[in-house]
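Colleague: missing the sequence, but the structure's below:
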């Protein structure tokens, strides 16, 4: 388990320095002062988490959000991602691009799993290959091809150049062997244990981790609505909700919004109809009020997309293409420049029967009509929605895509991208994006092209929610991908 104890390191440095500087002999031994040891109050019964008993606890086989959240307590990753989407070394000690498509990741040979065995390059290689096939990680790792182990390092080969590919190396690192009870082994703050026939999480306490909560009970709750109710009434102590529906209205316990990389956008038919005109697409973008959508359709659990990239992404935090608020007068000017008459400004918005997206579509309808458009909303089943999007049977549609922590836009611009539908092959923006990734075009050139062609229209980046019982004390500092960041300070002390 790897958690650096900075205070201990500083104490050692101070002691060595003091020893080196004290060359004069002492005349008498220093007085010994007895210091009473204090025992930290621990708790092995109050904290409870939901899990799905029918699902695997293996992080590479788990299909449910329940069990995937648990994994962040049991396993550590090569790198963590902070709230600015920058990498922080964890199991890896560093990285380097040996060329545009090769990443060399260095590993500390002294690191151990929770059972005392060494973490070596073979364990990392096993975890990488398992993650490539896993339900939780395979989509985000699509840019990686293969890897091979080296001497205290691993070489990862990319399918294409990706300057932020290291941001994706946040998958769990697990031992190639399970423990005697069949539980997967990690190097995290807790380990799976069998206690009286029940699976629990036991703290891996030591100098680097000394929590109040030493045992975490696991409660089998699979249904999303049941999880919401359980945390409300205190049957479980903590849950992460991805806001796939408007959970915020059902949650009455303590809660905290967490930033995610789920982009809500307007998909546009750039191939046919009036939306094939870039001026019309620009007019639509100008007319929408992203702040109203964030605050009303998503109950404040969203951040306005003022750029094609997540506004919290530090590398592009100063890139602002879109206003938060509607600019209907400029939108009308763009319509005039397109040459279309008001009689021709009729569009349909395709949307699934999701309450947040339907609320967003209703707001967008009102905003576009203020700019001179005539809008119809077509709300259909998920199955029909998917069919129509894939067949480009839409003028506009309300979409959602979970982007990787590398902010890669290939889901829109790749020929096999999952949300490529409606984006014409005649647009120059997709090829410019590839040139940017390969280092052959400046980021600014791509951004200007995007703003000019508007192949899709970013709206908001959705937020998730951490919710927890009001009986628990401690400053909740968790964030997406590191939900339990300061769990050592959480407690139920009266």
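Modeller: It's in. Quantities reported herein were computed from a predicted structural model and do not represent experimental measurements. Numbers count the residues shown, from 1 in each chain.
Colleague: Report the separation between residue 431 and residue 454.
Modeller: Distance from residue 431 to residue 454, counting by CB to CB, to the nearest Å: 16 Å. The C-beta positions use only the backbone N, C-alpha and C, and glycine is treated the same way.
Colleague: between the two, who's got more neighbours?
Modeller: residue 454 (27 against 14; other CB atoms under 10 Å).
Colleague: And the residue nearest to residue 272 when sequence neighbours are not counted, what's its pLDDT?
Modeller: Of all residues beyond its chain neighbours, the one nearest residue 272 is residue 392 (7.9 Å), with distances taken as CB to CB, 6 or more residues apart in numbering. Reading off the per-residue confidence, residue 392 sits at a pLDDT of 97.
Colleague: Residue 392: how many residues sit nearby?
Modeller: Applying other CB under 10 Å, we find 15 other residues in the vicinity of residue 392.
Colleague: Does it touch residue 271 like I think?
Modeller: Yes - using CB atoms under 8 Å, residue 392 is in contact with residue 271, at 6.5 Å.
Colleague: so residue 190 sits right up against residue 75, yeah?
Modeller: No - the pair residue 190 and residue 75 fails to qualify as a contact (CB under 8 Å) at a distance of 9.8 Å.
Colleague: Now residue 466. Nearest residue, chain neighbours left out?
Modeller: For residue 466, ignoring the flanking residues on the chain, the nearest one in space by CB to CB, 6+ apart is residue 256 at 4.6 Å.
Colleague: Tell me if the one you found really is in a helix.
Modeller: No - residue state for residue 256 (DSSP: H, G, I helix; E, B strand; the rest coil) corresponds to strand; a helix is not indicated.
Colleague: show me what contacts it?
Modeller: For residue 256, the contacting residues are 465, 466, 467, 476, 478, taking CB atoms under 8 Å, 6 or more residues apart in numbering as the criterion.
Colleague: Name the member of these with the most neighbours.
Modeller: Ranked by neighbours (other CB under 10 Å), the contacts of residue 256 are led by residue 467, which has 24 neighbours.
Colleague: Could you measure from it over to residue 239?
Modeller: Distance check for residue 467 against residue 239: by CB to CB, it reads 5 Å.
Colleague: Report the helix or strand with the lowest average pLDDT across this protein.
Modeller: Of the helices and strands making up the chain, the lowest-confidence element is helix 6-21, at a mean of 32, by mean pLDDT, DSSP states H and E.
Colleague: what ranges do the helices span in the stretch 101-250 of the chain?
Modeller: When secondary structure is read from DSSP state H, counting those that start in this stretch, the stretch 101-250 of the chain shows helices at 121-133, 224-233.
Colleague: Quick one: closest of these to residue 397.
Modeller: helix 224-233 (24.6 Å; CB to CB).
Colleague: List the buried residues for the closest one?
Modeller: By neighbour count, and taking 16 or more other CB atoms under 10 Å as the criterion, the buried residues in helix 224-233 are 224, 227, 228, 229, 230, 231, 232.
Colleague: ok, the second one - contacts?
Modeller: For residue 227, the contacting residues are 50, 66, 221, 236, 239, 241, by CB under 8 Å, 6+ apart.
Colleague: what touches both of residue 392 and residue 271?
Modeller: The overlap between the contact sets of residue 392 and residue 271 (CB under 8 Å, 6+ apart) consists of residue 422.
Colleague: How about the secondary structure of the residue nearest to residue 272?
Modeller: In three-state terms, and counting by three-state DSSP, residue 392 is coil.
Colleague: separation between it and residue 195?
Modeller: With the distance defined as CB to CB, residue 392 ends up 55 Å from residue 195.
Colleague: quick one on the thing from earlier: just the ones of the contacts of residue 256 in helices?
Modeller: Among the contacts of residue 256, no member falls in helices (DSSP state H).
Colleague: can you redo those as JSON lines with distance to residue 137?
Modeller: Shown next, in JSON lines, are the contacts of residue 256 (distance: CB to CB, whole Å):
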{"residue": "465", "distance to residue 137": "22"}
{"residue": "466", "distance to residue 137": "21"}
{"residue": "467", "distance to residue 137": "25"}
{"residue": "476", "distance to residue 137": "26"}
{"residue": "478", "distance to residue 137": "20"}
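Colleague: Contacts made by the strand or helix carrying residue 285 with the rest, please.
Modeller: If you go by DSSP states H and E, residue 285 is part of helix 278-287. Contacts of helix 278-287 from elsewhere in the structure, counted by CB under 8 Å, 6+ apart, are 266, 268, 270, 274-275, 322-323, 326-328, 330-332, 334-335, 337-338, 340, 367-368, 370-371, 373, 396, 452-454, 457.
Colleague: Could you tell me which of those belong to helices?
Modeller: Among those, the members falling in helices (DSSP H) are 328, 330-332, 334-335, 337-338, 367-368, 370, 452-453.
Colleague: PyMOL command to pick out the buried ones of the residues you listed?
Modeller: With 16+ other CB under 10 Å as the burial test, the buried ones among the ones in helices among the contacts of helix 278-287 are selected in PyMOL as follows:
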select buried, resi 328+331+332+334+335+338+367+368+453
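Colleague: Quick check: the gap between the closest residue to residue 83 other than its chain neighbours and residue 240.
Modeller: If you skip the residues right next to it in sequence, residue 83 has residue 479 as its closest partner in space, 5.3 Å away by CB to CB, 6+ apart. As judged by CB to CB, residue 479 and residue 240 stand 10 Å apart.
Colleague: what residues are shared contacts of those two?
Modeller: Residues within reach of residue 479 and of residue 240 at once, by CB under 8 Å, 6+ apart, are residue 258.
Colleague: all strands of the stretch 251-400 of the chain, in order?
Modeller: For the stretch 251-400 of the chain, applying DSSP state E, counting those that start in this stretch gives strands covering 254-268, 302-304, 346-352, 374-380, 396-402.
Colleague: Out of these, the one nearest residue 98 is which?
Modeller: Comparing the strands of the stretch 251-400 of the chain against residue 98 with CB to CB, the closest turns out to be strand 254-268 (27.5 Å).
Colleague: Report the angle between that closest one and strand 396-402.
Modeller: Interaxial angle, strand 254-268 versus strand 396-402 (axes from the mean of the first three to the mean of the last three CA atoms, to 10 degrees): 130 degrees.
Colleague: Quick check: mean pLDDT of strand 254-268?
Modeller: Averaged across strand 254-268, pLDDT comes to 96.
Colleague: Of the ones in helices among the contacts of helix 278-287, which is the nearest to residue 162?
Modeller: residue 453 (22.6 Å).
Colleague: Can you list the low-confidence ranges for the stretch 1-150 of the chain?
Modeller: In the prediction, the stretch 1-150 of the chain carries residues with pLDDT under 70 at positions 1-39.
Colleague: and if we set it to 80?
Modeller: Low-confidence segments of the stretch 1-150 of the chain, defined by pLDDT under 80, span residues 1-40.
Colleague: what stretches of the stretch 251-400 of the chain score poorly on pLDDT?
Modeller: For the stretch 251-400 of the chain, the stretches flagged by pLDDT under 80 are 317.
Colleague: buried stuff in stretch 158-176?
Modeller: Taking 16+ other CB under 10 Å as the criterion, stretch 158-176 shows 158, 161-175 as buried.
Colleague: so how far is it off the chain centroid?
Modeller: Its chain's C-alpha centre lies 14 Å from the corresponding centre of stretch 158-176 when counted by CA atoms, centre = their mean, to the nearest Å.
Colleague: wait, what's in contact with the residue nearest to residue 401 when sequence neighbours are not counted?
Modeller: Beyond its immediate neighbours in the sequence, the residue positioned closest to residue 401 (CB to CB, 6+ apart) is residue 419, lying 4.9 Å away. If you count contacts by CB under 8 Å, 6+ apart, residue 419 has them with 267, 399, 401, 411, 412, 456.
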